[in-house]
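>>> Quick one: sequence plus predicted model below, questions after.
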Amino acid sequence: MTISDSLTIHQLPGAPLGATVTMPSYTTDPSKLNEEDFAKLKKGLLTYSVLVVPNQADLPPESQYALTVRFDPSTSTQYGHDEKIFHSSLSVLAKDGKCVPRRPEVMMVGNGTFPAGHEGMKEFTLLHPSQSVFHKKTLTDEEIAQHHTRFYRWHIDAALYEFSPPVVTTLLGVIVPPKSEKQVITYEDSDERLEVSTGATAFASGKTAFDLLSDEDKQFALNTTVVYAPHPYIFIHEAKATSDGLTMVSEGKEMSLDELPKWEESKIKKLPMVWTNPITGNPHLQFHSCCVYKLVDNKTGKTIADLEKAREICHRLIRPAISPKYVYAHAWNKGDLCIFHNRGVIHSVTGEMPAEEKRLMHQCNVASGEDPI
């Protein structure tokens, strides 16, 4: 491949979304792109939703942070979540990662025990998220032996309380399982199957999700506000997810609002169900249905306050978009940097990993200064 004097972007062949990036000759660090090439990168991201920049294994956390915040002029210096709440033992996110000490907006996620020295850390252990602790109906030992896996939890990266959802997430593959390791996702409500590499990150387009709606459902979505629970990841910490990872099973296990950590009505997130892509103008169906609390009709003010009903509606609307033909499951190479439009896609971890399997990723997202519209 010839290295150009300027950045180039190529759509992934045969994939429902995504593109690859070839860096220009003047830098290997995407945070140091000139203004022209960065504008091209940003336009490519908002067009293709996921960009893959290979050969970034040595990208330092400082550069990953600088690149991430460059996409959003309104961005704060706040990691996408309140760190105290994120790491609360009551949160479903509690074990999801550890911060790089000198750049805490960069989170280390993965699987296995790593020796002292990585990014100034003492010896540390990461645990790959597993359906075995999060889903209501888990895979059997026999299914795991047959290399089955699940979408763990479809989501957007966002606190969904107090802080505005990040515009962009960057995810760097530092240590990854061999691409030759394959697992399969089966769909309980159909005969569909999706083969993925172990530890693949799955992406589904909010634009595709909107386009697949009926005309009636499009009008419903365009005129609906999603109200999220205060401290939503604590609110749902005793609940279990559906087998497709799209939402939670309603069994009355949610924490009552008066038992949650202190919260304020003004900090509850009330976001449109449809977000507009600022470059293409396309509507994207974007919500985190695991954390939904209520749905509100913008025209009439009518509220769907029944949690089970609100979840059922969200599940029905988004489910078609995670069918195999619409999912891009990124099979990681060491050094891949995935940049994804967190306001244009939902994504999910996949993969069943034994304790001895090593996986180490650097993830960065930073709360925006503005809510999506």
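Everything's here; your move. Residues are numbered from 1 along each chain as shown.

>>> quick one: Cys290 from Glu265, how far?
Cys290 sits 22 Å away from Glu265, going by CB to CB, to the nearest Å. In this view, the C-beta of every residue, glycine as well, is placed from N, C-alpha and C.

>>> neighbour count winner among the two?
For Cys290 versus Glu265, neighbours defined as other CB atoms under 10 Å are more numerous around Cys290 (25 against 6).

>>> pLDDT at Gln90, what is it?
No, residue 90 isn't Gln; it's Leu. Predicted confidence (pLDDT) for Leu90: 71.

>>> Which of the helices or strands spans it?
Leu90 is part of no helix or strand, with elements assigned from DSSP states H and E.

>>> in this structure, which segments are predicted with low confidence?
Applying pLDDT under 70 to the chain flags the ranges 1-3, 76-89, 94-96.

>>> what's the domain layout of it?
Domains of the chain are assigned by automatic domain parsing as 8-206+322-365, 214-320.

>>> Let's have those domains in a markdown table, adding distance to Asp371.
What follows is the domains of the chain, written out as a markdown table (distance: least, CB to CB, whole Å):
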| stretch | distance to Asp371 |
| --- | --- |
| domain 8-206+322-365 | 5 |
| domain 214-320 | 6 |
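
>>> Would you mark the buried spots in the helix ranked longest in the chain?
The residue-count maximum for a helix in the chain (DSSP state H) belongs to helix 35-48. Buried residues in helix 35-48, counted by 16 or more other CB atoms under 10 Å: 37-38, 40-42, 44-48.

>>> Can you give the strand pairings for the helix or strand just after that helix, parallel or anti for each?
Counting by DSSP H and E, the next helix or strand C-terminal to helix 35-48 is strand 50-53. Sheet pairing of strand 50-53 (DSSP bridges) gives strand 19-22 (parallel), strand 337-341 (antiparallel).

>>> how far is the first one from where the chain is centred?
Counting by CA atoms, centre = their mean, to the nearest Å, strand 19-22 is centred 20 Å from the centre of its parent chain.

>>> For it, which outside residues touch it?
Residues from elsewhere that reach strand 19-22 (CB atoms under 8 Å, 6 or more residues apart in numbering): 1, 3-4, 7-12, 30, 41, 44, 47-48, 50-54.

>>> Would you list the buried entries among those?
7-9, 12, 30, 41, 44, 47-48, 50-53.

>>> Closest one of those residues to Ala239?
Comparing the buried ones among the contacts of strand 19-22 against Ala239 with CB to CB picks out Val50 as the nearest, at 29.1 Å.

>>> mind listing what that closest one touches?
17-19, 203, 328, 330, 338-341, 345 are the contacts of Val50 under CB under 8 Å, 6+ apart.

>>> let's go with 6 Å and repeat that
For Val50, the contacting residues are 17-18, 203, 340, by CB atoms under 6 Å, 6 or more residues apart in numbering.

>>> Gln56 too?
Per CB under 6 Å, 6+ apart, neighbours of Gln56: 335, 337.

>>> which element is it on?
Under the criterion DSSP H and E, no helix or strand holds Gln56.

>>> Return the backbone torsion pair for it.
As for Gln56, its main-chain torsions (degrees, to the nearest 10) stand at phi -120, psi 30.

>>> Relative to Thr28, how far out is it?
From Gln56 to Thr28 the distance is 8 Å (CB to CB).

>>> So which elements touch the biggest strand by length in the chain?
Secondary structure of the chain per DSSP state E: the longest strand is strand 103-114. If you count contacts as 3 or more CB pairs under 6 Å, 6 or more residues apart in numbering; DSSP states H and E, strand 103-114 packs onto helix 61-70, strand 98-100, strand 124-126, strand 359-365.
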